[in-house]
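Asker: Just to be clear, the model below is a prediction. Sequence and coordinates:
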Amino acid sequence: MKALRIVLGDQLSRDISALDGIEAGDVVLMMEVAEETTYVGHHKQKLVLFLAAMRHFAEELRDKGHEVDYIRLTDAGNTGDFTGEVKRAVARHKPDQLVGTEPGEWRVARAMEGWDKVLDVEVEIRPDTRFFASHQRFADWARGRKSWRMEHFYREMRRETGLLMQGDEPAGGDWNYDGDNRKPWPRRKPVPHRRRFRPDDITREVIDLVADRFPDNIGGLDHFDWPVTRHEALAALRDFIETALPGFGDYQDAMKTGAPFLNHSLLSPALNLGLLSPREVCARAEQAWQDGHAPLNAVEGFIRQILGWREYVRGVYWAKMPGYAAADALDADRPLPAFYWTGKTDMACLAHVIGDTIDHAYSHHIQRLMITGNFALLAGIRPREIERWYLEVYADALEWVEMPNTLGMAVFADGGLMASKPYAASGSYISKMSDFCTGCSYDVKKKTGEGACPFNALYWAFLDRNRKHLKGNPRLAMPYRTLDGWDADRREGYAAAARHFLDGLD
Ligand SMILES: Cc1cc2nc3c(=O)[nH]c(=O)nc-3n(C[C@H](O)[C@H](O)[C@H](O)COP(=O)(O)OP(=O)(O)OC[C@H]3O[C@@H](n4cnc5c(N)ncnc54)[C@H](O)[C@@H]3O)c2cc1C
Ligand code: SF4
């Protein structure tokens, strides 16, 4: 029985279920289609990453002796969408069967659901077994729970996988070492040097294609140095374990001017494309702890991001789509400010994080959550606009992981399904965790008036404005007590300063 086996752009794993049982005579179909490159205006480096990694993966499969039918974006007759290309491939190869793996994004899943009706061939879509938890596993965990806290899910995953477990107990006695993982970057501490990857001929050809076809998309291509093959991704993993994992925990939340990477792994693009498996990444980190190379707070912190957060947000996405995309619990209605696309703002924290994003299609978690996300939350930016921004600008951005992080964690648009309180912070948090404020034209200590840090008034005005949504939240009892202890003039002072600042943005 001849099968047409479909491998999508984020399924670049040799053990992807679509390739299980592949036989001589089967054809692997890989497709570059216009719809995928344009459904949002992806950062130029994100486009290069996906297309270059796909082309390398096709070569790897050919080297292993498989027949690959690879459709390029520029091929004559390319219909521009998956369904059109699959139809054409069925006509070309006349397979008995079409085999695929469930896609990561809801939009693609809906398109694939119709294939058995429009194609005159048996269609088998298999589960994506690269994750620790299947959709069913997450649904079983979530059923009957009032709140879906990541920490509870994560503990079950630890027990189930045995990662960092000593019998029934967590390694070291605690499930979570987050309390140790909040150090700012010491002023004179050197930043670890990280291994990056020079584009080869295949990648350079893609860089030229993207520069030519997508000249107006955000981002530059001069710095493109992401791993695009399995071999490079393994080198990036090795480099992280050796140079950055030991300090990952301590400096997980730290931010520093001109140093977007610090001790972060930079592995999300490779993980999301399938060049690395979450299982091997967690196993390597655990081994580093067992070998005495990295401390437990670093390794637990790192494994929690992958075994906990990554699996959990995927579960939330698939359990809640499609309605989740429209979440707007705080009725936020301000358009996204233009500086999100240029980095041109007097607020040094935002200018640095957005500038690094434009240069590298990357910023680390706390920069996304507590700088660009926090500002969007406090300013009341429309959830859908800020959500699309994250999807466009990061190399690792796939909707299943980006959307819950944005709507649930950054802007509290799901009303607390994921986060027990909004991640709202004034300038003092940013000042504590970064050196951004020292080079800023605003004064972080000043609350209102000329030159005051905008995050300060925005923070109090946010709480005041959202009383009806947030006042009953026990985790916000303290700031609301402070706010309620002020007289009406003082409260109005903050509200007016915030209004004045936001009006200036428009
Ligand atoms: C608003 C917002 C949007 C985000 N959008 C994306 C996105 O589109 N794609 C994406 O992969 N991550 C996203 N994240 C999560 C996180 O910021 C990135 O995974 C991380 O910054 C990637 O860099 P790293 O590989 O150096 O991560 P590290 O800090 O080294 O973490 C290790 C790995 O853990 C995983 N991870 C860490 N935090 C999370 C998280 N909150 N959710 C899911 N996985 C996590 C990633 O696979 C990451 O590679 C977003 C976070 C926020 C707050
Ligand atoms: S002073 Fe305010 S705006 Fe400036 S960098 Fe600090 S937190 Fe950001």
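Answerer: Happy to help now that I have it. Ligands and ions are numbered 1, 2, ... in the order given.
Asker: Against which helices or strands is the longest helix belonging to the chain packed?
Answerer: Using DSSP state H to define each element, the chain has its longest helix at helix 44-63. Helix 44-63 sits against strand 27-31, strand 67-71, helix 201-213, helix 268-273, with contacts defined as 3 or more Cβ pairs under 8 Å, 6 or more residues apart in numbering; DSSP states H and E. C-betas here are computed from N, CA, C, even on glycine.
Asker: How about residues contacting the longest one?
Answerer: The contact list for helix 201-213 (Cβ atoms under 8 Å, 6 or more residues apart in numbering) reads 37, 44, 47-48, 51-52, 55-56, 59, 73-74, 199, 217, 221, 224, 228.
Asker: from the residues you listed, which two are the most distant?
Answerer: E59 and N217 (25.8 Å; Cβ to Cβ).
Asker: Neighbour count for these two, which is higher?
Answerer: N217 (20 against 14; other Cβ atoms under 10 Å).
Asker: OK, contacts around that one?
Answerer: 41-44, 47, 210.
Asker: so is it in a helix, a strand, or just coil?
Answerer: Reduced to three states with DSSP: H, G, I helix; E, B strand; the rest coil, the structure at N217 is coil.
Asker: Show the model's pLDDT score for it.
Answerer: N217 is assigned a pLDDT of 98 by the prediction.
Asker: near ligand 1, anything from stretch 177-190?
Answerer: No. Judged by Cβ under 6 Å from any ligand atom, stretch 177-190 makes no contact with ligand 1; its nearest approach is 10.8 Å.
Asker: Format the contacts of N217 as TSV; extra columns: neighbour count and pLDDT.
Answerer: Shown next, in TSV, are the contacts of N217 (neighbours: other Cβ atoms under 10 Å; pLDDT from 0 to 100):
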residue	neighbour count	pLDDT
G41	18	98
H42	26	98
H43	27	98
K44	23	98
L47	28	98
V210	27	98
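Asker: The helices and strands packed on helix 44-63: which one's closest to ligand 1?
Answerer: helix 268-273 (3.4 Å; Cβ to the nearest ligand atom).
Asker: contact partners of the helix or strand following the closest one?
Answerer: Sequence-wise, the next helix or strand downstream of helix 268-273 (DSSP states H and E) is helix 278-290. When contacts are defined by Cβ under 8 Å, 6+ apart, helix 278-290 is touched by residues 130-132, 161, 163-164, 171, 237, 241, 245-246, 265, 267, 271, 294-296, 298-299, 302-303, 306-307, 310-311.
Asker: does K2 really touch Q97, like I thought?
Answerer: Yes. K2 lies in contact with Q97 (Cβ atoms under 8 Å); the separation is 7.4 Å.
Asker: Mind telling me what element A233 is part of?
Answerer: Applying DSSP H and E, one finds A233 within helix 230-239.
Asker: By proximity to ligand 1, which residue of the stretch 1-150 of the chain wins?
Answerer: For the stretch 1-150 of the chain, Cβ to the nearest ligand atom, closest residue to ligand 1: M150, 8.7 Å.
Asker: Look up how far S265 lies from that residue.
Answerer: 19 Å (Cβ to Cβ, to the nearest Å).
Asker: ok, back up a step: distance to ligand 1 for the helices and strands packed on helix 44-63 - can I get that in CSV?
Answerer: Compiled in CSV, the helices and strands packed on helix 44-63 are given as follows (distance: least, Cβ to the nearest ligand atom, whole Å):
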stretch, distance to ligand 1
strand 27-31, 22
strand 67-71, 26
helix 201-213, 19
helix 268-273, 3
